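Chemist: Requesting a structural model of the entry that follows:
(one chain, ligands or ions: 1)
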Amino acid sequence: MYPIRQQFGFGFVCASRSSVVEPVQLHSNGNSDHTPKKSSESSLILIRHGESLWNEKNLFTGCVDVPLTPKGVEEAIEAGKRICSIPIDVIFTSSLIRAQMTAMLAMMQHRRKKVPIIVHNESEQAHLWSQVYSEETRKQSIPVITAWQLNERMYGELQGLNKQETADRFGNEQVHKWRRSYDIPPPNGESLEMCAERAVAYFKEHVVPQLTAGKHVMIAAHGNSLRSIIMQLDKLTSQEVISLELSTGIPMLYIFKEGKFIRRGSPVGPSEASVCAYTRKLAQYRQKLDSMV
Ligand SMILES: O=C(O)[C@H](O)COP(=O)(O)O
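Modeler: Below is the predicted model:
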């Protein structure tokens, strides 16, 4: 008898009841359709969630779990159209619904039509009860790993407060420091530096091994967890990161090659010539998708 977990799971071992991503075991019988290659390059898409109900109301949200507005849903769908010809093998999202909705809605637009499936490793039972018993079906799936470490910065006692009213009360300068400085935390909340400690650590421990193994990755997360990751990727200083602003629902593409991250900007759309010109591999992938229709 084969061990059931090895045979049918996504390869996300839950020995310690946490999501442990083993890139080379994504397809545990070795029949991966993206066999990792030593010299491979991979793509990394970062996307901030679409507009949430509290973005719309201009409230500090942080780790409060608020869903998307209809506009946010539209933004996620539009984002999906912009990246629909870029390969994606594994998705990481925060544990918050606005990031998860964004990832799922964006994937509905993808031309490869694989099914994104949330990996449940929160308990042994959750893991066992969410197994897929068809190798073929599993090949047509994309694992979605949720991680609290990718959550929005915890905004402390600002959570639920109106941003404009807070600026009126404490002054624009103070509120700007709380929102954009690197090391000044909002009252009882996380500074960007504190957010980076868990988000960048997670990125290095769980995302980079996937990229190194040749997997194409999408991360759907938040303004500040992504700012901390981009700060690392683009080697921004704590001064430079102050002016880094991320719009909701705009995907950003990086190419990971020979251990380096090359920023390729934001894909405008599937027909945009430059998307295909990003790398020869991306152009080939696009051609493969064209031949499938
Ligand atoms: O948590 C929030 O309120 C927003 O998602 C991000 O807020 P910011 O623009 O103040 O960083």
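
Chemist: got the residues of the stretch 51-200 of the chain near the ligand?
Modeler: The stretch 51-200 of the chain comes close to the ligand at residues Phe60, Thr61, Gly62, Glu152, Tyr155, Arg179, as judged by CB under 6 Å from any ligand atom. C-beta here means a position set from N, CA and C on the backbone, and glycine is covered the same way.

Chemist: dump the residue contacts of the fourth one.
Modeler: Right, Glu152. Thr61, Gly62, Cys63, Ser94, Leu96, Ala221, His222, Gly223, Asn224, Ser225 (CB atoms under 8 Å, 6 or more residues apart in numbering).

Chemist: SS state for it?
Modeler: Under the three-state scheme (DSSP: H, G, I helix; E, B strand; the rest coil), Glu152 adopts coil.

Chemist: contacting residues around Gly72?
Modeler: So Gly72 contacts His49, Gly50, Glu51, Ser52, Asn55, Arg98, Met101, Thr102, Thr248, Gly249 (CB under 8 Å, 6+ apart).

Chemist: cool, Val293 as well?
Modeler: Contacts of Val293 (CB under 8 Å, 6+ apart): Arg111.

Chemist: From the ligand, how far off is the residue nearest in space to the middle of the chain?
Modeler: Geometric centre of the chain, nearest residue: Ile219, 1.2 Å, by CA atoms, centre = their mean. Noted for Ile219: a distance of 16 Å to the ligand, by CB to the nearest ligand atom, to the nearest Å.

Chemist: quick one: that residue is in a helix?
Modeler: No. Under three-state DSSP, Ile219 sits outside any helix and is assigned strand.

Chemist: ranges for the strands of the chain?
Modeler: 12-13, 20-21, 42-48, 90-93, 115-118, 141-146, 217-221, 251-257, 260-263 (DSSP state E).

Chemist: what lines up beside the fifth one in the sheet?
Modeler: Strand partners for strand 115-118, identified by DSSP bridges, are recorded as strand 141-146 (parallel).

Chemist: Show me what counts as buried in the partner strand.
Modeler: Ile142, Pro143, Val144, Ile145, Thr146 (16 or more other CB atoms under 10 Å).
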